[in-house]
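>>> structure for this input, please:
(one chain, ligands or ions: 1)
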Amino acid sequence: MNKLGIFMNFWEKNWDADHSKYIAKAAKIGFDVLEFQAQPLLEMSDEKLKSLKAQADEVGIELTYSLGLDPAYDVSNPDEAIRLGGVDYLKRIVEQIGKMDGKLLSGVSYAGWGTPPYILNDKRPLLENSLKSMREIIKVAENNGVTYCVEAVNRFEGCLINTAQEALDYAAQVDSPNIGVLLDTYHMNIEENSIGDAIRLVGDKLISFHTGENNRTAPGRGHLDWDEIFGALAEIGYKNRIVCEPFVMMGGEVGRDIHVFRDLVADTSEAAIDREAKYILDFEKAMMQKYNM
Ligand code: MN
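Numbers count the residues shown, from 1 in each chain. Predicted structure coming up:
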């Protein structure tokens, strides 16, 4: 059975939070995976990393990591000082993940998160810069047992990789056993002609999968076709993680960065969000059962 996960910022309005609390919470609700932004790892001592990892092991939670790269560390930037600073920054993050025996890093981690403020008529030079950077970063990922998941994101969050095909092409050009593709239903809903076809196109290169509705609420609450999605995952024999990444509360850094300008659930109390997380788990388990996953 696929491991099922949840992103920590379903509950928290700021990217950094009490990771220990959410390891315990995710386990109690019944998840197998807790995912959170990787940047706070840079601020943690080795002792802190080890204690979080030990706690996660004890309750049977795998920790996975995502990030939206600060444009100050944009590894696709034509300014060589910025690009090299970004390479160093991402190498350090991958090393921190490695210290926790972490296996996965996803998100917009191949370029600065966001879109260029200038007219862009040809993105190939940016892509070449990113690839040049990634060929360096991936060596550190290989040495640390970390797999880099290239996440295709919608046009408002990045210009380099918007589709499954672009993510596949990018991974192929890096050419490492430690790079693969992550698809996210929220982004695919905006960019793909067919979500099912995008999943089938990536096939065995699909390393991790993010779920979220058309408006980033919990799966089943919006208008995405979950039969198409789970049917396609079953068709490709998908066995990897499925991590739900809903963002439903206005405010904080998360509201600012994800553009959440209203509450998308009626009740934002912690108890109500806990209940919604349990609903997500039950919904995804039922869909997996329906498609014999
Ligand atoms: Mn995602």
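>>> for the residue of the stretch 51-200 of the chain found nearest the ion, give me its contacts.
Nearest to the ion in the stretch 51-200 of the chain, going by Cβ to the ion, is Asp184, at a distance of 3.6 Å. Where C-beta positions appear, they are placed from N, C-alpha and C, glycine not excepted. Going by Cβ atoms under 8 Å, 6 or more residues apart in numbering, Asp184 touches Glu151, Ala152, Val153, Phe209, His210, Thr211, Gly212, Glu245.
>>> just the residues you listed: which are in strands?
Among those, DSSP state E puts Glu151, Phe209, His210, Thr211 in strands.
>>> of those, closest to the ion?
Closest to the ion, out of all of the ones in strands among the contacts of Asp184 and judged by Cβ to the ion, is His210, at 3.6 Å.
>>> quick revisit: in a markdown table, list the ones in strands among the contacts of Asp184 along with distance to the ion, neighbour count and pLDDT.
Below are the ones in strands among the contacts of Asp184 laid out as a markdown table (distance: Cβ to the ion, whole Å; neighbours: other Cβ atoms under 10 Å; pLDDT from 0 to 100):
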| residue | distance to the ion | neighbour count | pLDDT |
| --- | --- | --- | --- |
| Glu151 | 6 | 26 | 98 |
| Phe209 | 9 | 25 | 98 |
| His210 | 4 | 25 | 98 |
| Thr211 | 9 | 28 | 98 |
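>>> most widely separated two among these?
Glu151 and Thr211 (13.0 Å; Cβ to Cβ).
>>> any idea what Thr64 is bridged to?
Glu35 (DSSP bridges).
>>> what's the spacing between it and Asn129?
Noted for Thr64: a distance of 27 Å to Asn129, by Cβ to Cβ, to the nearest Å.
>>> next: Cys159.
13 Å.
>>> quick one: low-confidence ranges for the stretch 51-200 of the chain?
Within the stretch 51-200 of the chain, no stretch has pLDDT under 70.
>>> tell me which parts of it are close to the ion?
With the criterion set to Cβ under 5 Å from the ion, the stretch 51-200 of the chain comes near the ion through Asp184.
>>> show me where the stretch 51-200 of the chain has strands.
Shown for the stretch 51-200 of the chain, the strands assigned by DSSP state E, counting those that start in this stretch span residues 62-68, 104-108, 147-151, 179-184.
>>> would you mind getting the angle between the last one and strand 104-108?
What that stands for is strand 179-184. Counting by axes from the mean of the first three to the mean of the last three Cα atoms, to 10 degrees, strand 179-184 lies at 60 degrees to strand 104-108.
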